[in-house]
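J.: Output the structure for:
(chains A and B)
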Amino acid sequence: MSRKPKVAIHKFSSCDGCQLAFLNLGEDLLALSRQVEIVHFAEAGPVNEEIPVDIAFVEGSISTPADRPRIEKIRHNSRFLITMGACATSGGIQALRNMADTNAWIGAIYARPDFIDSLDDSTAIARHVKVDFELWGCPVNSQQILSCVCALLSGVLPVDQHDSLCQQCKQQGLACLMVSQGLACLGPVTRAGCGALCPSLGRGCYGCYGPAENPNGPALAQRFMQLGLSAEETRRRFLFINSAAPAFNETGLKLPDAKPQGER
Amino acid sequence: MSATSHSPVFLHHNDLQQLLQILQHDGYTCIGPQVRDGVIHYDHIDTVEQLPRGYGQHQQPGHYQLEPAGHDRYFAWANGPQALKPWLFSPREALWQCQAGEDKLAFEQVAAEDDPLAVFGVRACDIAALYLHDKHFLQQTHRDPGYRSRRQNLLLVAVNCSHPAETCFCASTGDGPEVHYGHDLVLSELSEGFIVQAHTEKGLSILARLPAETASQSRIAAAQASSRAAAEQQGRRLPSQDLQAALFANLDHPRWEDIARRCLSCGNCTSVCPTCFCHREFDEPSLDGQTSTHYRQWDSCFNQGHSYIHGITLRAETRLRYRQWLTHKLGSWHQQYGRSGCVGCGRCISWCPVGIDLTAEASLICTGSEA
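T.: Numbers count the residues shown, from 1 in each chain, chains lettered A, B, ... in the order given. So this is what the prediction gives:
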């Protein structure tokens, strides 16, 4: 390749946590910068949002009216557009408002609601423009970023790791928490990629990597209730970080919603 | 084997540490059962203090619970989620590397680590599974060098199972609970110690160095009674018929769809199954594009990629994925390896998060009623 491929890292509605997957690369960040030219990365320094690039990483969801023309322009300027994180791939935690009255929430939270220009819903980037590859996770990790860039530099599409987290968990020698401890765990319906971080610390998966390829949400929801969770608690497990991902959304919405006291 | 023609010896509980020390002295890295995160797990051991002495466990479909057994035996429990499989068939292993040169690519095999391993406490079901893996990895046209290296250096201190779980059915597959082959030494545990028998020259040489006495007839009889009771205690079984014919005659049975409604397609059953050997291979290039490592990793017939061929996923639905698992495991395995792929360990039943029972499903599909 005669020139270094150009890379941009864009941010929409998000917490900035996925961009840290770049900054946390350590020495690999230097190796990466020898292979690609990072031309736009506001969190790290360079700002040049409109420059045409080979690879655009997009963090965050479409959440305001201004986001729509902006993502279209980024798409136009990018050869490959990769979304990273729950916000960009499913709408993120802020998509909880898709199931509520957004204006009522804004009115309850902000001193001057009229300053807030927000869409009624928070949606995935792929709902607005063509996305070439999705990196799931809340947040994504550095290994996902590296594998993705390495694959693209080698001229192939990255491998989509969409099998259940359970298998990654077992490959690491961990025992099933649901079977041995009776803990509710979303691992069976969640895609691998995190390295079974929560199960390795004795906590059930909460689905931050989004739905696996062939998830059976209703059967798992039923199991959660057999383990002692109420229908409402089960609903909230599915309607959480990736509440707008269709498989989780459909499972959660079928469960009864006990209206929370004094909705925040 | 001539090595078996010695008289069984008796080893006091207090002298078990000596057995471990002999193995360490002979250069073995010792692996044994121990309690970790609420389950019995196999990992490195330095002393018999690490063994799960005094533990028992309760297993049901989708349920495993460790509990105090009310005695001080070392091996009065049935298997946990894993035992031998991950030590021989690694969950993830580098097979070869490729290096870019001036005008050519250089390929080299990744050297296998081959520290001799001695595994303590292995059960008959897992030895049966090991022999199936031997057929798969060593007795076909191409032999697997990593597996072979680990296998050649493996020493097994087996244990006759005295406390099968509710989910066990090795008696019906003919693979347990007593150990008959594949081991170097076998222990039968009694309340005050072990009956020890050697099965190989290596085993005999270890046995000769143990502070053991000739086992009395009454102790030998007690050990035999314990094995018989362990077999009789098992409530589950596979239907005793030609399962290959019965399963393939029932490919359209409505039960497959019923299972698919409950099955999470998560692959836990295949992960804990000691005979499942499916894997995928993939490459991880370095960032500078100069090297690439080729890996092998456990895979599952419950994954989409398992039946993907150039643009088509042959088994897109869970119904077909579960059917593939069961018909292969209990059916077409006979054609491939001359026996069933199931050794009756019951792990797929205990460790299924929704408690699907392979014996009940196989019975319903093959005979029309639950076993």
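J.: neighbours of residue 213, just the number please.
T.: Picking chain A for this. 18 (other CB atoms under 10 Å in any protein chain shown). Yep, even glycine has a C-beta here, placed from its N, CA and C like the rest.
J.: Chain B, not that one
T.: B:E213: 11 neighbours (other CB under 10 Å).
J.: Next, the contact list for it, please.
T.: Shown in contact with B:E213 (CB atoms under 8 Å, 6 or more residues apart in numbering or on different chains): B:9-10.
J.: Could you do B:H279 as well?
T.: Contacts of B:H279 (CB under 8 Å, 6+ apart): B:89, B:296-299.
J.: For it, give its distance to B:H306.
T.: 10 Å (CB to CB, to the nearest Å).
J.: of the contacts of B:H279, list those near chain A.
T.: Filtering those for neighbours of chain A using CB under 8 Å from any CB of the partner chain leaves B:297-298.
J.: Highest neighbour count among the contacts of B:H279?
T.: B:F89 leads the contacts of B:H279 on contacts (other CB under 10 Å) with 25 neighbours.
J.: picking that back up, out of the contacts of B:H279, which one sits closest to A:S33?
T.: Using CB to CB, B:Q297 comes nearest to A:S33 of these, at 29.9 Å.
J.: Run a quick check on the closest one versus B:F89, I expect a contact.
T.: No. If you go by CB atoms under 8 Å, B:Q297 and B:F89 don't touch, sitting 10.8 Å apart.
J.: ok, back up a step: using CSV, please lay out the contacts of B:H279 together with pLDDT and secondary structure.
T.: Shown next, in CSV, are the contacts of B:H279 (pLDDT from 0 to 100; DSSP: H, G, I helix; E, B strand; the rest coil):
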residue, pLDDT, secondary structure
B:F89, 96, coil
B:R296, 96, strand
B:Q297, 97, strand
B:W298, 98, strand
B:D299, 98, coil
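J.: Identify, from the contacts of B:H279, the entry nearest to chain A.
T.: B:W298 (5.6 Å; CB to the nearest CB).
J.: any idea how far B:T270 is from that closest one?
T.: Distance from B:W298 to B:T270, by CB to CB: 8 Å.
J.: who touches both of those two?
T.: With CB under 8 Å, 6+ apart, B:W298 and B:T270 have common neighbours B:276, B:278.
J.: ok, which pair from the contacts of B:H279 is furthest apart?
T.: Between any two of these (CB to CB), the greatest distance is 11.6 Å, for B:F89 and B:D299.
J.: Kindly report the residues of the stretch 201-350 of chain B close to chain A.
T.: B:261-268, B:271-272, B:282, B:284-289, B:297-298, B:300, B:302-305, B:316-318, B:321, B:350.
J.: hmm, 7 Å instead?
T.: Within the stretch 201-350 of chain B, the residues that sit near chain A (CB under 7 Å from any CB of the partner chain) are B:261-268, B:271-272, B:282, B:285, B:287-289, B:297-298, B:300, B:303-304, B:318, B:350.
J.: from those, which would you call buried?
T.: B:262-268, B:271-272, B:285, B:287, B:298, B:300, B:303-304, B:318, B:350 (16 or more other CB atoms under 10 Å in any protein chain shown).
J.: Of the residues you listed, which belong to helices?
T.: B:262, B:268, B:271-272, B:318, B:350 (DSSP state H).
J.: what does the domain assignment say about chain A?
T.: According to automatic domain parsing, chain A comprises the domains A:6-153, A:165-253.
J.: Turn these into CSV, columns for mean pLDDT and distance to chain B.
T.: Shown next, in CSV, are the domains of chain A (pLDDT from 0 to 100; distance: least, CB to the nearest CB, whole Å):
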stretch, mean pLDDT, distance to chain B
domain A:6-153, 96, 5
domain A:165-253, 97, 4
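J.: which one of the ones you listed has the most crowded surroundings?
T.: Per residue and on average, the most neighbours among those fall to domain A:165-253, with a mean of 21 (mean count of other CB atoms under 10 Å in any protein chain shown).
J.: how far does that domain stretch from start to finish?
T.: 23 Å (CA to CA, to the nearest Å).
J.: Would you mind measuring from B:A225 to chain A?
T.: Computed as CB to the nearest CB, to the nearest Å, the B:A225 to chain A distance reads 31 Å.
J.: what's around that residue, how many residues?
T.: 11.
J.: Secondary structure of it: a helix, I assume?
T.: Yes. If the criterion is DSSP: H, G, I helix; E, B strand; the rest coil, then B:A225 is within a helix.
J.: tell me the contacts of it?
T.: Listed by CB atoms under 7 Å, 6 or more residues apart in numbering or on different chains, the contact set of B:A225 is empty.
J.: per-residue confidence at it?
T.: With respect to pLDDT, B:A225 scores 96.
J.: circling back: need the residues touching each of B:H279 and B:H306.
T.: With CB under 7 Å, 6+ apart as the test, B:H279 and B:H306 both reach B:D299.
J.: Distance check, B:V196 against B:R92.
T.: Distance from B:V196 to B:R92, by CB to CB: 36 Å.
J.: So between the two, which is more surrounded?
T.: B:V196 (23 against 13).
J.: In contact with the more buried one, which residues?
T.: B:8-9, B:11, B:185, B:187, B:207, B:210, B:212.
J.: Go ahead and list the helix or strand containing it.
T.: strand B:193-198 (DSSP states H and E).
J.: and the nearest residue to A:Q172 once chain neighbours are set aside, what does it touch?
T.: Counting by CB to CB, 6 or more residues apart in numbering or on different chains, A:Q172 lies nearest to A:A196, which is 5.6 Å off, once chain neighbours are set aside. Residues near A:A196 by CB under 7 Å, 6+ apart: A:165, A:168-169, A:172, A:174.
J.: Tell me which helix or strand comes right after the strand holding B:V196.
T.: Assigned by DSSP H and E, the successor of strand B:193-198 is helix B:201-207.
J.: Of all residues in the stretch 51-200 of chain B, which one is closest to chain A?
T.: Taking CB to the nearest CB, the stretch 51-200 of chain B has B:P91 as its residue nearest chain A, at 3.8 Å.
J.: give the contact list for the residue nearest to that residue when sequence neighbours are not counted.
T.: Counting by CB to CB, 6+ apart, B:P91 lies nearest to A:Q171, which is 3.8 Å off, once chain neighbours are set aside. A:Q171 makes contacts with B:91-92, B:297-298, as judged by CB under 7 Å, 6+ apart.
J.: and for the strand or helix carrying A:A108, what are the contacting residues?
T.: Using DSSP H and E, the element containing A:A108 is helix A:102-109. Helix A:102-109 is contacted from outside by A:97, A:113, A:116, A:118, A:120, using CB under 7 Å, 6+ apart.
J.: Convert the C-alpha atoms of that helix to PDB, please.
T.: Output of helix A:102-109 as PDB, limited to C-alpha atoms (Å, rounded to 0.1, in the frame of the first residue of the first chain):
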ATOM      1  CA  THR A 102     -39.200  11.300  26.300                       C
ATOM      2  CA  ASN A 103     -40.600  14.700  26.800                       C
ATOM      3  CA  ALA A 104     -41.900  13.800  30.200                       C
ATOM      4  CA  TRP A 105     -38.400  12.600  31.200                       C
ATOM      5  CA  ILE A 106     -36.800  15.700  29.800                       C
ATOM      6  CA  GLY A 107     -39.300  17.900  31.700                       C
ATOM      7  CA  ALA A 108     -38.600  16.000  34.900                       C
ATOM      8  CA  ILE A 109     -34.800  16.200  34.700                       C
END
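J.: Appreciated, that's everything.
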